[in-house]
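Trainee: Model the following, please.
(chains A and B, ligands or ions: 2)
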Amino acid sequence: MDYQWDFSAVVTYWPVLLVGLKNTIILAAVCLVLGLFFGLFVGAARYSSNRLVNWPATAFVEVFRNTPVLVQIMWFYFAFPIISPIEVNAFTAATLGLTLNTVAFSSEIYRAGIQSISKGQWEAAKALGMTYTEQMRRIILPQAIRRMVPAFTNRAVELVKMTSLASVIAYGELMHQAKTISIIAFNPIEMYTSVAIIFFVLIAPLSLLVQRLEMKKRKSS
Amino acid sequence: METNQNTEVLCLEGLKKSFGDLLVLDNIDLRVTKGETIVILGASGSGKSTMLRCVNFMEVPSGGRIILHGEQVGKENQNGSRTYDEKSLSDLRSRVGMVFQHFNLFPHMTVKQNVMEGPRTVLKCDQAECERRAKLYLDKVGLGWKADAWPSELSGGQQQRVAIARALAMEPDIMLFDEATSALDPELVGEVLETMKQLAEEGMTMLIVTHELGFAYTVADRVLFLSKGKILEQGAPEAVLINPKEEATKNFLRGHGSFRLPEPNLD
Ligand SMILES: Nc1ncnc2c1ncn2[C@@H]1O[C@H](COP(=O)(O)OP(=O)(O)O)[C@@H](O)[C@H]1O
Ligand SMILES: [Mg+2]
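Mentor: Ligands and ions are numbered 1, 2, ... in the order given. Okay, here's the model as predicted:
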């Protein structure tokens, strides 16, 4: 109990932490955008009645849902370069791992969201003469996406947390920067305390948003 | 004038539909002339919904021909079967209005947007034309004053009338009603039947599946009784509803005891 807290190194190395924060946000944002975008297609593929389309999509989703993200990131950093034609640096490996993971989870959110729309909505749109794409774009997706927003926000929270795993392959995100500083300044206690606080400040508003959205959703249904 | 009134809007020839081994429609022949109101009766499971759904290809028929305004739907293959491309089916559906038991309004759109959606997305009408149609058809069903409301703010009867306006806004050649009042509380049935009656009087061509025999009696030009996928009996309402020939029709009518004939008209 007589530990003397000393946050001076945190102040000294603040710019280094800021770089980490910036990289954390970039990694999370890139993976979120790519993951949600491609997740729509994988979700649509899983919804397809064509086995040649839905089987690979299902296999993809199951592989990424049933292996640890840490393993996925390590795999893309160490194993993937052997078969990859392009160079794989830490950012690419982390982006691949986290994006594909997000694709897998968000495709399930899309699929569940689309399936939650009643058959009558498809029928009414079809009976008006809309093509499949028009039914999807004008009638189904606008309703489904509203229902998906809480789940997607939740995914964003998980994603921000998962970016810290990229520290194991030395990508310069928050956690990696903190580790580096703590070695130089011999202050792991203060460093990791600070990192925890920064993550909390970053994530708590998102979590609060999820709760708000879920409350609103419950009220409206 | 006579020839004009006899224009054939829809013709079903030997229409067949099966789901797997289950034959649901068995050789249905039907000619519908312009302005005709046909009520289809039949026990649950007799194929009424399937028959309507084949007309606009919500279900693809297993055999037979469907001719809308003299044009047969789909392309004929070498072996006599037919293929239907999405474009020609959506084109057909845009000319056939359908009203469902559960209304199926689009909950993310206001009443007016619901009515404008078909003209806008399917017919590619410009904004002014969409607005004109929304106003015209919402007024027709008596709901112009609810244009900016959300579907969830309306009673069931009002929602169904909006659904009718939405179908009318496509200015279809024929309207299909599949038990349009079955999901409504009894006190809301009247307003929807009244709207349908008004359409019939204005000369809309309609195929109506309903259990409202009083409505069938007063509004229909012709009543069909469907049994096990066949048209067992058809004719003027008086003939089918009061002097049915077939035992199955009599049984069916007996099961709908609440049906009362209107008082004889003495003028
Ligand atoms: N999509 C479907 N798949 C399999 N069977 C169906 C389908 N739609 C209807 N049926 C069957 O077809 C028969 C007629 O149904 P339907 O046309 O809905 O009758 P109705 O409207 O007269 O009650 C029923 O036995 C029903 O179970
Ligand atoms: Mg039915």
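Trainee: Just give me the residue right at the centre of chain A.
Mentor: Nearest to the mean C-alpha position of chain A, by Cα atoms, centre = their mean, lies A:Leu159 at 3.4 Å.
Trainee: which residues touch that one?
Mentor: Contacts here follow Cβ atoms under 8 Å, 6 or more residues apart in numbering or on different chains; on that basis A:Leu159 touches A:Ala28, A:Cys31, A:Leu32, A:Gly35, A:Leu98, A:Thr102. (Each C-beta comes from the backbone N, C-alpha and C, glycine too.)
Trainee: Buried among those residues? Make that a ChimeraX selection.
Mentor: Typed into ChimeraX, the line below selects the buried ones among those, using 16 or more other Cβ atoms under 10 Å in any protein chain shown:
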select /A:28,31,32,35,98,102
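Trainee: Okay, and which of the contacts of A:Leu159 map to strands?
Mentor: Judged by DSSP state E, these include no members of strands.
Trainee: Could I get the contacts of A:Leu159 in a markdown table, plus columns for pLDDT?
Mentor: Written out in a markdown table, the entries for the contacts of A:Leu159 read as follows (pLDDT from 0 to 100):
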| residue | pLDDT |
| --- | --- |
| A:Ala28 | 96 |
| A:Cys31 | 97 |
| A:Leu32 | 96 |
| A:Gly35 | 96 |
| A:Leu98 | 96 |
| A:Thr102 | 96 |
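Trainee: restrict the contacts of A:Leu159 to contacts with chain B.
Mentor: Filtering the contacts of A:Leu159 for proximity to chain B (criterion: Cβ under 8 Å from any Cβ of the partner chain) leaves nothing.
Trainee: Kindly reformat the contacts of A:Leu159 as TSV containing distance to ligand 1.
Mentor: Below are these laid out as TSV (distance: Cβ to the nearest ligand atom, whole Å):
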residue	distance to ligand 1
A:Ala28	45
A:Cys31	41
A:Leu32	40
A:Gly35	36
A:Leu98	42
A:Thr102	36
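Trainee: mind putting the contacts of A:Leu159 in a markdown table, distance to A:Val19 included?
Mentor: As requested, the contacts of A:Leu159 are exported to a markdown table (distance: Cβ to Cβ, whole Å):
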| residue | distance to A:Val19 |
| --- | --- |
| A:Ala28 | 15 |
| A:Cys31 | 19 |
| A:Leu32 | 20 |
| A:Gly35 | 24 |
| A:Leu98 | 19 |
| A:Thr102 | 24 |
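Trainee: average model confidence for stretch B:253-267?
Mentor: Taken as a whole, stretch B:253-267 has a mean pLDDT of 64.
Trainee: ok so the residue nearest to the centre of chain A is a strand residue?
Mentor: No. Inclusion of A:Leu159 in a strand is not indicated when DSSP: H, G, I helix; E, B strand; the rest coil is applied; the result is helix.
Trainee: quick revisit: can you flag which of the contacts of A:Leu159 belong to helices?
Mentor: Taking DSSP state H as the definition of helices, the contacts of A:Leu159 contribute A:Ala28, A:Cys31, A:Leu32, A:Gly35, A:Leu98, A:Thr102.
Trainee: Who are the contact partners of the residue in the stretch 1-150 of chain B positioned nearest to chain A?
Mentor: Closest approach of the stretch 1-150 of chain B to chain A (Cβ to the nearest Cβ) occurs at B:Ser94, with a separation of 3.0 Å. Under the criterion of Cβ under 8 Å, 6+ apart, the contact list for B:Ser94 reads A:Leu128, A:Gly129, B:Gly118, B:Val122, B:Leu123, B:Met170, B:Pro172.
Trainee: Spatially, and excluding backbone neighbours, which residue is closest to the fourth one.
Mentor: Spatial nearest neighbour of B:Val122, excluding adjacent residues (Cβ to Cβ, 6 or more residues apart in numbering or on different chains): A:Gly129 at 4.3 Å.
Trainee: one step back: just the buried ones among the contacts of B:Ser94, please.
Mentor: Judged by neighbour count, with 16+ other Cβ under 10 Å as the criterion, the buried members of the contacts of B:Ser94 are A:Leu128, A:Gly129, B:Gly118, B:Val122, B:Leu123, B:Met170, B:Pro172.
Trainee: Tabulate the residues you listed (a markdown table), appending secondary structure, distance to B:Ala183 and pLDDT.
Mentor: Putting these into a markdown table (DSSP: H, G, I helix; E, B strand; the rest coil; distance: Cβ to Cβ, whole Å; pLDDT from 0 to 100) gives the following:
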| residue | secondary structure | distance to B:Ala183 | pLDDT |
| --- | --- | --- | --- |
| A:Leu128 | coil | 20 | 97 |
| A:Gly129 | coil | 24 | 96 |
| B:Gly118 | helix | 22 | 97 |
| B:Val122 | helix | 26 | 97 |
| B:Leu123 | coil | 28 | 97 |
| B:Met170 | coil | 23 | 97 |
| B:Pro172 | coil | 22 | 97 |
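Trainee: Quick one: those residues as a markdown table, columns for distance to A:Val201 too.
Mentor: As requested, the buried ones among the contacts of B:Ser94 are exported to a markdown table (distance: Cβ to Cβ, whole Å):
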| residue | distance to A:Val201 |
| --- | --- |
| A:Leu128 | 49 |
| A:Gly129 | 52 |
| B:Gly118 | 49 |
| B:Val122 | 49 |
| B:Leu123 | 52 |
| B:Met170 | 54 |
| B:Pro172 | 58 |
